[in-house]
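Novice: attaching a predicted model along with its sequence, questions to come.
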Amino acid sequence: MFKIGIIGCGKIAQVRHIPEYAENPHVELAGYYDLNHARAAEMAQKYGGKAYDSYQALLANPEIDAVSVCTANASHAEITIAALKAGKHVLCEKPMAATLQECEAMVQAARESGRFLMLGHNQRLAKAHVKARQLIEQGIIGDIISFHTTFGHGGPETWSIDPGQDVWFFDKERAAMGVMGDLGIHKTDLIHFLTGQTIVETTAHFSTIDKRCANGDPIGVEDNAFCIYRLSSGAVGTMVASWTFYGPEDNSTVLYGTRGIMRIYDDPAYSIKVTSGEGETILFDIDRIQTNESQTKSGVIDAFVDCLVNNRQPEISGEEALKTMRVIFASIESARRGCTVCVN
């Protein structure tokens, strides 16, 4: 039985991490910390365990084996590195950290501590994405020539534990980045996962088009991100992330190959739709992508616990996530400079 600590008891912790740990027979929820102590105490009362006055005190408990880091983006690196140095395995929410140097330091800390570092890139675990990767590897659409992937919804105002126009997602100091770090990171990582390739070049444009703070000023981060990615094979495609889709969520991906087209989560009835160059259509009814309004089990917590139980490095490791973060920071640089940037 592994004892788990939760650092940050906001919406993502309350909707996914805590209840999913509670359902897993291999773990016990043992500790909670939040800037709002009453929130941590409420979770301790509901699920068992102790509410701590600081994350350092939680990490000092030698009985806690692993932690979930569910705090605002800017604090991910500090807390994750401290946890790894304290001998804890870490599951960290995305985005990994606020700077590339912090991301690299997190990976180094995991390497030096011998503990696991996993990132919550849950789109890799969506059943249709897993099946799509298998089909692509089997050559169902041939070699990928181009792609288009989108993640857009109406914004995080109602998702945050403290809803409203002044959510921490809109605060540059706490969030470090806007929709690119919230939604764009998922679809960027997904392209790596589906294609088995690496994004080597990005041309990005970030805009704050519509979102306003409660005082009427534009939010401090981008609410739309548009990127053109080039893969290591030479394929080129687009990634769009938006907080201004004021209607149904769009979480779709379309891949164009030399032998056909694959549409993932693009059809309301079928999670994968493949159309060959000869006009044949193959349909797969596998699952439905989760939305902010319709939450389903993420699979992330069970995957992390499975690594603990079997003493196996996570597939969504810090090193794997670092590949995606390099693209994110290259895109930030591209948007700032107004030019194409090669990914280091």
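Specialist: Yep, it's here.
Novice: what about residue 147, helix or strand, and which?
Specialist: Here residue 147 sits within strand 144-152, counting by DSSP states H and E.
Novice: how far off centre is the helix or strand that that strand is followed by?
Specialist: Scanning the chain past strand 144-152 towards its C-terminal end, the next helix or strand to appear is helix 172-175 (assignment: DSSP H and E). Its chain's average C-alpha position is 17 Å from that of helix 172-175, according to CA atoms, centre = their mean, to the nearest Å.
Novice: give me the buried positions along helix 172-175.
Specialist: The neighbour-count check on helix 172-175 (16 or more other CB atoms under 10 Å) flags 174-175 as buried. Any C-beta I mention is one placed from the backbone N, CA and C, and that applies to glycine too.
Novice: about what we covered before: export the strand holding residue 147 as CSV, just CAs?
Specialist: Presented in CSV, the C-alpha positions along strand 144-152 are these (Å, rounded to 0.1, in the frame of the first residue of the first chain):
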residue,chain,number,x,y,z
ILE,A,144,1.6,11.2,-42.7
ILE,A,145,1.8,14.3,-45.0
SER,A,146,-0.1,16.8,-42.9
PHE,A,147,-2.4,17.2,-39.9
HIS,A,148,-4.7,19.5,-38.1
THR,A,149,-5.3,19.3,-34.3
THR,A,150,-7.6,21.5,-32.3
PHE,A,151,-8.5,22.0,-28.6
GLY,A,152,-10.9,24.8,-27.9
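Novice: which outside residues touch that strand?
Specialist: Judged by CB atoms under 8 Å, 6 or more residues apart in numbering, the contacts made with strand 144-152 from elsewhere in the structure are 136, 183-184, 186-187, 190-191, 195, 197, 231, 233, 235-245, 249-258.
Novice: write the ChimeraX selection for whichever of the residues you listed are buried.
Specialist: Selection of buried members from the contacts of strand 144-152 for ChimeraX, criterion 16+ other CB under 10 Å:
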select :136,183,184,186,187,190,191,195,197,231,235,237,238,239,240,241,242,243,244,245,249,250,251,252,253,254,255,256,257
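Novice: which of the contacts of strand 144-152 fall within strands?
Specialist: If you go by DSSP state E, the contacts of strand 144-152 have 231, 236-242, 253-257 in strands.
Novice: same list (the residues you listed) but as TSV, adding distance to residue 147 and pLDDT.
Specialist: Listed next are the ones in strands among the contacts of strand 144-152 as TSV, based on distance: CB to CB, whole Å; pLDDT from 0 to 100:
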residue	distance to residue 147	pLDDT
231	8	98
236	8	98
237	3	98
238	8	98
239	9	98
240	12	98
241	15	98
242	17	98
253	7	98
254	7	98
255	5	98
256	7	98
257	9	98
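Novice: farthest pair within those?
Specialist: Comparing all pairs in these by CB to CB, the longest separation belongs to 242 and 257, at 26.0 Å.
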